[in-house]
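Engineer: model this:
(2 chains)
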Amino acid sequence: NAGVTQTPKFRILKIGQSMTLQCTQDMNHNYMYWYRQDPGMGLKLIYYSVGAGITDKGEVPNGYNVSRSTTEDFPLRLELAAPSQTSVYFCASSDQRGRETQYFGPGTRLLVL
Amino acid sequence: GENVEQHPSTLSVQEGDSAVIKCTYSDSASNYFPWYKQELGKRPQLIIDIRSNVGEKKDQRIAVTLNKTAKHFSLHITETQPEDSAVYFCAALQGGSEKLVFGKGMKLTVNP
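Structural biologist: Below is the predicted model of the structure:
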């Protein structure tokens, strides 16, 4: 299994541009999460999903959108990029039985200029 | 909501020493407390976890203790090695939800 994969690894955006961060897992996990990690800070939850078709806001959802049309994929959309969204974004997943244990993807480093 | 505080923010030890990282949480309904290790430029990886019905858990050189009354939990690393150098995050599962709340992390440096 590849586990949790994310693309792209790194991206530079101009202010006002939009982009989608991709996240895919091949472990048939129901639960998926998006976090952002700012320098010297912990991980903050942006959005999460408990299954296909179900999403909910986390701690810092403003400026982001998500969708969950399949079990495998959980893309994160930035509509109007702002410098405050410069961060490292991690996707994670967990299964139904051990849902507390989250497995993280390699991360996407985003720079908004 | 849940608030997790972690201290110290940095710790430097000599190889072979022990290291202790402490976290406090605010939500008495929280019932799951994982610890993640993140090496520079890498993803966070779970190293150990503890549930609220257990007071202590050990896995080789690492152990975690939980004091529910005081609402704090700690990570203990014995016989530290240079490869233990990383940022360590504690977290708490917010009661009644699917949300993990993370501390800000502690950078551990193990000097050879």
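Engineer: Next, count neighbours for the closest residue to B:Gly16 other than its chain neighbours.
Structural biologist: Computed as C-beta to C-beta, 6 or more residues apart in numbering or on different chains, the closest residue to B:Gly16 that is not its neighbour in sequence is B:Glu79, at 5.9 Å. For the C-beta atoms, the positions are set from N, CA and C on the backbone; glycine is no exception. Residues contacting B:Glu79 under the criterion other C-beta atoms under 10 Å in any protein chain shown number 11.
Engineer: List the contacts of B:Glu79.
Structural biologist: B:Gly16, B:Ser18, B:Arg61 (C-beta atoms under 8 Å, 6 or more residues apart in numbering or on different chains).
Engineer: Out of those residues, grab the one that's most surrounded.
Structural biologist: For the contacts of B:Glu79, the largest number of neighbours (other C-beta under 10 Å) sits with B:Arg61, at 13 neighbours.
Engineer: Can you list phi and psi of it for me?
Structural biologist: Phi and psi for B:Arg61, reported as degrees, to the nearest 10, are phi -90, psi 0.
Engineer: Spatially nearest residue to the closest residue to chain B within chain A, not counting backbone neighbours?
Structural biologist: Per C-beta to the nearest C-beta, A:Gly42 is where chain A lies closest to chain B, at 3.7 Å. Using C-beta to C-beta, 6+ apart and skipping the chain neighbours, the partner closest in space to A:Gly42 is B:Phe102 (3.7 Å).
Engineer: residue contacts, the one you found?
Structural biologist: By C-beta under 8 Å, 6+ apart, the contact list for B:Phe102 reads A:Gly42, A:Leu43, A:Lys44, B:Val4, B:Tyr36, B:Phe89, B:Cys90, B:Ala91.
Engineer: For my notes, please list the residues you listed in TSV and give neighbour count, secondary structure and distance to A:Asn28 for each entry.
Structural biologist: Listed next are the contacts of B:Phe102 as TSV, based on neighbours: other C-beta atoms under 10 Å in any protein chain shown; DSSP: H, G, I helix; E, B strand; the rest coil; distance: C-beta to C-beta, whole Å:
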residue	neighbour count	secondary structure	distance to A:Asn28
A:Gly42	21	coil	28
A:Leu43	29	strand	24
A:Lys44	16	strand	27
B:Val4	23	strand	30
B:Tyr36	25	strand	23
B:Phe89	26	strand	26
B:Cys90	28	strand	28
B:Ala91	28	strand	24
